[in-house]
Every structure is written in structure tokens, then in C-alpha cells.
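>>> fold the following for me, if possible:
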Amino acid sequence: MLETVQNLMHGAIHMKKTDTVDPTLTEFSQGYQTLGSENRRKALIALATQFGVNRVHIRELIQHYLGLQSDDHAQQSDLDEEGCASALYRMEKNLRHALKPLYITLFERLNAHPGGLKFLVDLRADLNGAIEEENIPLLRSLDSDLKEKLATWLSPAVLELHHITWDDPASLLEKIVAYEAVHPISNLHDLKRRLGAGRRCFGYLHPAIPGEPLIFIEVALMRGLSQSIQEVLWDEPPNAESEATTALFYSISSTQHGLAGINLGKFLIKRVIELVRQEMPHVKMFATLSPIPGFMQWLLSKLASQSKLAQSSSKSGTDYEEALASALRENLLLPEEEKEIIEATMENDKSIGPMEVLLKLLSSARHEWAKSETLSKMVQPILMRLCARYLLKEKKRGKALDPVTNFHVQNGATAERLNWMADFSEKSLCQSAGIMVNYLYRLDEIEENAQKYFNTGYIKASSYMEGYL
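Numbering: from 1, shown residues only. Have a look, this model is predicted:
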């Protein structure tokens, strides 16, 4: 079957514009979908290898082009200026054509084919999976080109902002339940509350992918900035909409793995803000109540590495080893915090340092620290301070290490407030010790904040947040 799919792929690419290509595209897409993951990976590698650009031809065109430029300067007085310019333009056109991979033709023809856009989105999801297994330049180039095309074809100008309600078709509501990625929807009553009074749900739909939101956002209309997800999801009854002053974005979920890296959420948030402002002028504040999915993983890793360095420094080693350990050593805890940890946990083993004690405490699968008033009170200032550092100071390639932070600050939001025990679900305790963060979208600052972050990596934060640092 793999060979058949590859032959259909070849045919779909090389057919003339005057040929009827739809049957071939249908056979190709259906055949590809019957392949297992390994054969799909092989088909993608074949697509990238056999239908990329012809580098030999490109080099020949470049040499010809440079020769034309040289002739233009050397013989300008003897050649017709207009004719020379015309030759250069033709050569530039040929170069642009040669630099366009053949597989782009397949993408463009599939986009115009019924069901083809959704197929391409799913194809890119497979491609991302193949890259995880075999991260080679050919596949990365294929992914980059497909991502660029999808970003164009799924631009906000062609997307429909849909207000999702309880009256929508069951098939659409089922997708909301299935794709909710932040706070799982437990039952129909939960879903009805999220779509009812005091709540809103909006999604982006594309005409070529009917009945399936590409991304959706859930909004709570509140009296001020919420400090816990419990009051958003479970407090009944909700505030009267006429009394609401804040539109709180508490969940945003992308439904398509194949759209990873294409920031539809930025445009969705802006559209929803515009719509809420029009419908409810009394709502003045637009903010989030966001998870911090990478905090505990970062913290536990830091504590583990620093504990090992502390242990190694207590043992004799070479001058080089001691100098290296000293350079890498970082005391995550303040002196008063170290003392409190030892006192609260009643740790008597003098060979175990405070960071190791804290690591052991926070690594507990049962989260005993969260159930103990004494331990919870002891770790709260430590975790809040280190969480602020993680959000505002820890970077990867100049951008926020935390993916949710990166998403909101690149959209122009301000890191406004940390909330202790804002979500005591098992997932949140494991990911962020139950801490959540509010990002505030101040409409007059969004563009300036986004530009500063793009240019310098600067994260706008409130004085409250900076007070932890």
C-alpha cells in the first residue's frame, strides 16, 4: 500500500492544471490514512526527499543570474537597458519557481480539494511525530513549509468566531468535552454551566472544516479578579452578568495537534475582548486565571541538582572538581527559609541539607505537605517566591521557559498576580503545587508589551509580582 500511496503522491504533484486531479487526491488521502504510523513516516520522508527543490538546477540558475549581472555592468553602453532588465526579471522569476519545492503543489491542490485542509492539518500532526522520532533537516524543512501554508490558509480573516451555546449540535458539544485540555469537563451538568449564564465559550471555525472548532476559549464573567479555579468552575449561582466587571479567560484549548506553533489563540483573545466590550460595556477588566504547567518539574530538577552539588562539595575532590561545583552551585533558599524547613519537618539528620529535605517533601506522591497546615504554611512563601522567579526570569532562547507565560506575554499581557492553592486538583498539585497566575490584558499596553517581549524578552509584571523577586 505504501508504494501505491507514493505513486498517487507523484501523480497528484505532476498532473497538469488541465487534468482532473480530484480523483487522484481522494485516492491519495484515503490511501495515506490506511497506513500505519511507520509507513506514514516513510511516506513523509519520501515526500520530503523526492519532491523538494532541485539544488543542481538552482546553482545553475544562480550562476546564470550572476553572469547576467556581470554582463550588465561590463557592457551597459552596448546593450539595450530595457532588454537587460527584462532578462534579469525573467531569471529572478525562474529562480523563485526553482526555489519552490514540488511538494508545495501537493499542499496547494489538497487545500482546494474537499476535505483537503483537514487532511493537511492531520498530515502535519503525523509530521511532528515523525520529527520527534527522526529529527532530520528534510523533515524540518517540510514541516516549516507546511506550517507556513497552513498559517496563511487559516488566517483570522477567513475564520468564523462562533459563540458556542447549549443549543449547538451535539456533535460540536462533544468535541468541546473531548478537546478541553485545561480543566476537564466532568459531566453534562458541568458543560451546561460553562455554556450558561455568567459564562461564555467562543471558538474559531473554518468553512472547510465544518462543525469542528480549531481552538476555543472559555470565559467567566466575574466581579473582579478571581483567585481560584474553584470559584470559577464550582461556585453556584454565578454572578449576575449585569454586575460583572471582569471577563476572566480560564481555559483555552487547541483541538488540532497539526496546528502547533500557529498562534490562533492571540487573535481569538483579541476578537473575544472586542466582542465582550461591545456587548457588555460595564466589563472593564480582561484577565486570565492560568495554570503553570512546568513549575514543579523545573523546581524539583533544580533542587535535585543543587542537592547533589551540595553533597559533592562536602567530599574531597580535585581542585578542578571543587571549582566546577562552586561555579554551578546556587542556593535556592534564603537563610531563614532553610531554618524553617528544618524546624517544620523536624529533620534531625545533619547530613541532609534543607534543599534535600524540601525536595523529599515536595516529591511526595500523596502531597502530604498540602494536607498539613504547618507544612503548607511553611512552604507557601518559598514556593511563591520561586514560582515568580520561574515565570519572570527563567528563559529558553531569550523567551519565557513556561509555555503558558510565553503565550500570554507574547500577546501583550502583564503578569499580574500569583494565587496560592488556586487549584487543588491532583494535576495542578503535581504541575504547579496548586499555584495559578493571573495575566492581565490592559488594552492600552498590549502592543507595547508584546513588542518589548519580542525585541528583548522583557516580561511586563506588576509590582506585586516583582515583589517576590
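>>> neighbouring contacts of whatever helix or strand residue 270 lives in?
Assigned by DSSP states H and E, residue 270 falls within helix 264-279. Here helix 264-279 makes contact (Cβ atoms under 8 Å, 6 or more residues apart in numbering) with 154, 156, 159, 161, 200, 202, 204, 214-217, 219, 247, 249, 252, 254, 283, 286, 407, 410-411, 441, 443. Just so you know, the C-beta spots here come from the backbone N, C-alpha and C atoms, and that holds for glycine as well.
>>> now the buried members of these.
For those, a neighbour count by 16 or more other Cβ atoms under 10 Å gives the buried set as 154, 159, 200, 202, 204, 214-217, 219, 247, 249, 252, 254, 283, 286, 407, 410-411, 441.
>>> in strands, which of those residues appear?
Under the assignment DSSP state E, these contribute 200, 202, 204, 215-217, 219, 247, 249, 252, 254, 286 to strands.
>>> in CSV: those, plus distance to residue 263.
As requested, these are arranged in CSV below (distance: Cβ to Cβ, whole Å):
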residue, distance to residue 263
200, 21
202, 16
204, 12
215, 10
216, 15
217, 13
219, 19
247, 20
249, 15
252, 11
254, 10
286, 18
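>>> closest to residue 343 out of those residues?
Comparing these against residue 343 with Cβ to Cβ places residue 249 closest, at 40.9 Å.
>>> now the closest one, nearest residue through space, not along the chain?
Leaving aside its sequence neighbours, residue 249 sits nearest to residue 288 (Cβ to Cβ, 6 or more residues apart in numbering; 4.6 Å).
>>> next up, the contacts around the one you found.
248-250, 408, 413, 437-439, 441.
>>> ok, residue 131 next?
139-140, 143.
>>> tell me which helix or strand it sits in.
Residue 131 belongs to helix 116-133, assigned by DSSP H and E.
>>> now do the buried residues in that helix.
Here helix 116-133 shows 116-124, 126-128, 130-131 as buried, counting by 16+ other Cβ under 10 Å.
>>> and for stretch 180-192?
180, 182-183, 185, 190-191.
>>> quick one: secondary structure of residue 364?
coil (DSSP: H, G, I helix; E, B strand; the rest coil).
>>> tell me how far it lies from residue 15.
62 Å (Cβ to Cβ, to the nearest Å).
>>> quote the end-to-end distance of stretch 436-453.
22 Å (Cα to Cα, to the nearest Å).
>>> no, scratch that, I was asking about stretch 288-301
Start-to-end, stretch 288-301 (Cα to Cα) is 28 Å.
>>> contacting residues for the residue nearest to residue 432 when sequence neighbours are not counted?
Once flanking residues are discounted, residue 432 sits nearest to residue 292: 3.9 Å by Cβ to Cβ, 6+ apart. Contacts for residue 292 (Cβ under 8 Å, 6+ apart) come out as 387, 390-391, 402, 404-405, 431-432, 435-437.
>>> format the residues you listed as JSON lines; extra columns: neighbour count, secondary structure and pLDDT.
Output for these, formatted as JSON lines (neighbours: other Cβ atoms under 10 Å; DSSP: H, G, I helix; E, B strand; the rest coil; pLDDT from 0 to 100):
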{"residue": "387", "neighbour count": "25", "secondary structure": "helix", "pLDDT": "97"}
{"residue": "390", "neighbour count": "23", "secondary structure": "helix", "pLDDT": "97"}
{"residue": "391", "neighbour count": "27", "secondary structure": "helix", "pLDDT": "97"}
{"residue": "402", "neighbour count": "26", "secondary structure": "coil", "pLDDT": "96"}
{"residue": "404", "neighbour count": "21", "secondary structure": "helix", "pLDDT": "96"}
{"residue": "405", "neighbour count": "25", "secondary structure": "helix", "pLDDT": "97"}
{"residue": "431", "neighbour count": "18", "secondary structure": "helix", "pLDDT": "96"}
{"residue": "432", "neighbour count": "27", "secondary structure": "helix", "pLDDT": "96"}
{"residue": "435", "neighbour count": "26", "secondary structure": "coil", "pLDDT": "97"}
{"residue": "436", "neighbour count": "25", "secondary structure": "strand", "pLDDT": "97"}
{"residue": "437", "neighbour count": "25", "secondary structure": "strand", "pLDDT": "97"}
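>>> which one of those is nearest to residue 36?
Out of the contacts of residue 292, the member with the shortest distance to residue 36 (by Cβ to Cβ) is residue 431, at 33.0 Å.
>>> thinking again about what came up before, which one's more surrounded, residue 364 and residue 15?
Between residue 364 and residue 15, counting by other Cβ atoms under 10 Å, residue 15 is the more crowded of the two (15 against 12).
>>> pretty sure that one is touching residue 23, no?
No. With contact defined as Cβ atoms under 8 Å, residue 15 does not count as touching residue 23 (10.3 Å).
>>> just the strands in the stretch 351-469 of the chain please.
Counting by DSSP state E, counting those that start in this stretch, one finds strands in the stretch 351-469 of the chain at the ranges 395-396, 399-400, 414-419, 436-440.
>>> need the winner for burial among those strands.
strand 436-440 (a mean of 24; mean count of other Cβ atoms under 10 Å).
>>> stretch 90-108: which residues count as buried?
Those would be 91, 95, 98, 101, 103-107, for stretch 90-108 by 16+ other Cβ under 10 Å.
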